[in-house]
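Peer 1: Next come a sequence and a model predicted from it.
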Amino acid sequence: MRIILQVPYDEQRLRRTIKFVLRPSVKKLRLAGAVMAPLGVLLLLLGVGPLVPLLLIGLGLLYAFALEPFMVRQSLRAQNPVVRQGYQLVVDDAGFTMEAEAYAQRMAWSTVQRVEEQPDAWFLVISKVQALAVHKHLMTEEQRAEFAALLAQRVRP
């Protein structure tokens, strides 16, 4: 079995993959922000000097709302310009290959730690900071079924 997909560069898809990879860190930051802001309000209401409560409120709001967009933007900037080109994704029984004009990368199925399926894509998690998004809209129905069957055989939870 062999599936070949042409994957054009799409910044929105890249942003989505980066958000997926950053999600565990962002959840922790948002939780910290959700604790810090109300604590600052409580301290302000209790009459504690204004500096510490206002700092807690400000940091809490920053952690809860502003850090994710900043982290995504910084991650996009840190990408090698080579990433900003389309590539061919070849999936077979041994693994998957990404080939572009400037690079080729082959990975065995054993490198995939887990797969997270979402309505529009499968995310093949390679490490804590690396995932490959396989977008369903780039596949035919037959290819989707083949890919899902291959994942079921090759990747163990």
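Peer 2: Here it is on my side, so go on.
Peer 1: Next one: the residue lying closest to residue 108 once chain neighbours are set aside from residue 89, what distance?
Peer 2: Nearest non-adjacent residue to residue 108, counting by CB to CB, 6 or more residues apart in numbering: residue 95, 4.1 Å away. In short, each C-beta sits where N, CA and C put it, glycine included. For residue 95, the distance to residue 89 (CB to CB, to the nearest Å) stands at 11 Å.
Peer 1: Looking at those two, which one has more neighbours?
Peer 2: Using other CB atoms under 10 Å, the more surrounded residue of residue 95 and residue 89 is residue 89, with 19 against 15.
Peer 1: which residues does the more buried one bridge with?
Peer 2: residue 5, residue 98 (DSSP bridges).
Peer 1: residues in contact with it?
Peer 2: Neighbouring residues of residue 89 by CB atoms under 8 Å, 6 or more residues apart in numbering: 3-5, 7, 96-98, 134.
Peer 1: Pipe the residues you listed into a markdown table and attach neighbour count, distance to residue 115 and pLDDT per row.
Peer 2: Formatted as a markdown table, the contacts of residue 89 follow (neighbours: other CB atoms under 10 Å; distance: CB to CB, whole Å; pLDDT from 0 to 100):
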| residue | neighbour count | distance to residue 115 | pLDDT |
| --- | --- | --- | --- |
| 3 | 18 | 15 | 95 |
| 4 | 12 | 20 | 95 |
| 5 | 17 | 16 | 96 |
| 7 | 18 | 17 | 96 |
| 96 | 22 | 12 | 95 |
| 97 | 16 | 17 | 96 |
| 98 | 15 | 17 | 95 |
| 134 | 22 | 9 | 96 |
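Peer 1: of all these, which comes closest to residue 39?
Peer 2: residue 134 (42.0 Å; CB to CB).
Peer 1: Is it correct that that closest one falls within a strand?
Peer 2: Yes: counting by DSSP: H, G, I helix; E, B strand; the rest coil, one finds residue 134 located in a strand.
Peer 1: do you know how far it is from residue 58?
Peer 2: Counting by CB to CB, the gap from residue 134 to residue 58 is 40 Å.
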